[in-house]
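Asker: Provide a 3D model corresponding to the input given below.
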Amino acid sequence: MKYLHALILIGFLGANTVIATETEVNKGLPKLDDIKQFTTVLEHIKKYYVNTVTDKELLENAIRGMLAGLDPHSTYLDTEEFSELKVHTSGKFGGLGIEVTMDDGLIRVISPIDDTPAARAGIHAGDLIVRINETPVKGLKLQEAVDMMRGDRGTPITLTIIRQNETKPLKMTLNREVINVRSVRQRLLEPGFGYLRISQFQTNTGSDVAKAIQTLQKDNQKAPLKGLILDLRNNPGGILEASVQVSDVFLDQPKLKYDGLIVYTKGRLPGSELEEKASPGDLINGAPIVVLINGGSASASEIVAGALQ
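Answerer: Residues are numbered from 1 along each chain as shown. Down below sits the predicted model:
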């Protein structure tokens, strides 16, 4: 009788689970019909696709597809890709010195990085890379294309590029280098007026900007600056926290509307909302700032430009 009672209980709980799933789709798992459709497609691909594919490949591609279908900015990073991201934000890596993304099966240049083979060769933001040496890019994954552009220092590579307003593809031969990205540069344009260039937002960019301001003031005979040009052109972004720190260098919280709010996020889950605010103090004491941006300025660059505006 105990055994029979247990079976009835399990069946009852199972029925409840199915009913809850079908009637409260937004609060639980997908509908059973949707799950069945997904698994049916999965099995058909495994059985009939021209090449043998593993469950891991199919499920990972399904995850990538789910995120890619949401918006252009959501993506999935596996362990290797996440390690690659950390290498980029550390500021030292090998290659050509270009930030790239996938666009309709081709590689689009987000921006070349200052003082790298790509920048010196004249690669522009928005260029489409269609061939790497003799290999067409169409059909490659982004990481595969990036790996092909990597290589030993001094080795040559030829990129075939399509550029807007050019009548035929451009071929560029570059030599690979070890890329040490210095994200912040500064110089005094004339007495009282400084120029500050941020090429990308790395882990230490916020503190580097503060040091650069101090250097400019020292070069200005320790006198306060009268104005500053902040150059974010072709800056593809980087670490969110670095953009907050850079904005905070120039924002004095007590003098701002909105309690010094720099950037915020909203989400559906409790705890997913984030507010980053400026702290008291402005290193250039309210001097005017001109911010330079262009089509290659993205992500963290847009946050800084918007916050300062």
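
Asker: can you give me the strands for the stretch 151-300 of the chain?
Answerer: Applying DSSP state E, counting those that start in this stretch to the stretch 151-300 of the chain gives strands spanning 156-162, 170-175, 177-180, 184-190, 193-198, 227-231, 261-265, 274-277, 289-292.

Asker: now for the fourth one, which elements pack on it?
Answerer: Contact partners of strand 184-190 among helices and strands, from 3 or more Cβ pairs under 8 Å, 6 or more residues apart in numbering; DSSP states H and E: strand 193-198, helix 205-219. In short, each C-beta sits where N, CA and C put it, glycine included.

Asker: so where is the stretch 151-300 of the chain shaky, pLDDT-wise?
Answerer: For the stretch 151-300 of the chain, the stretches with pLDDT under 70 are 255-258.

Asker: which of the strands of the stretch 151-300 of the chain sits most buried?
Answerer: Most buried of the strands of the stretch 151-300 of the chain by mean neighbour count (mean count of other Cβ atoms under 10 Å) is strand 193-198; its value is a mean of 22.

Asker: name the residues that touch that one?
Answerer: Strand 193-198 is contacted from outside by 114, 183-189, 205, 209, 212-213, 216, 220, 225-232, 235, 246, 301, 304, using Cβ atoms under 8 Å, 6 or more residues apart in numbering.

Asker: what number of residues lie near the residue nearest to residue 296 when sequence neighbours are not counted?
Answerer: Distances taken as Cβ to Cβ, 6 or more residues apart in numbering place residue 125 nearest to residue 296, at 3.2 Å, with adjacent residues excluded. Neighbour count of residue 125, defined by other Cβ atoms under 10 Å: 19.

Asker: swap in residue 268?
Answerer: Applying other Cβ under 10 Å, we find 6 residues neighbouring residue 268.

Asker: and the one 3 residues further on, by the same measure?
Answerer: Other residues lying near residue 271 total 6 when counted by other Cβ under 10 Å.

Asker: now swap in residue 144 and tell me
Answerer: The burial count for residue 144: 12, using other Cβ under 10 Å.

Asker: now do the phi/psi pair for it.
Answerer: phi -60, psi -40 (degrees, to the nearest 10).

Asker: if I look at it, how far off is residue 135?
Answerer: Note on residue 144: its distance to residue 135, by Cβ to Cβ, to the nearest Å, is 9 Å.

Asker: ok, now residue 246?
Answerer: From residue 246 to residue 135 the distance is 39 Å (Cβ to Cβ).

Asker: tell me which of these two has more neighbours.
Answerer: It is residue 246, of residue 246 and residue 135, that has more neighbours when counted by other Cβ under 10 Å, with 30 against 13.

Asker: is it true that that one touches residue 304?
Answerer: Yes - between residue 246 and residue 304 a contact is recorded at 5.4 Å, counting by Cβ atoms under 8 Å.

Asker: quick one: the strands in the stretch 1-150 of the chain?
Answerer: Ranges of strands within the stretch 1-150 of the chain are 92-95, 98-103, 106-112, 128-132, 135-136, based on DSSP E, counting those that start in this stretch.
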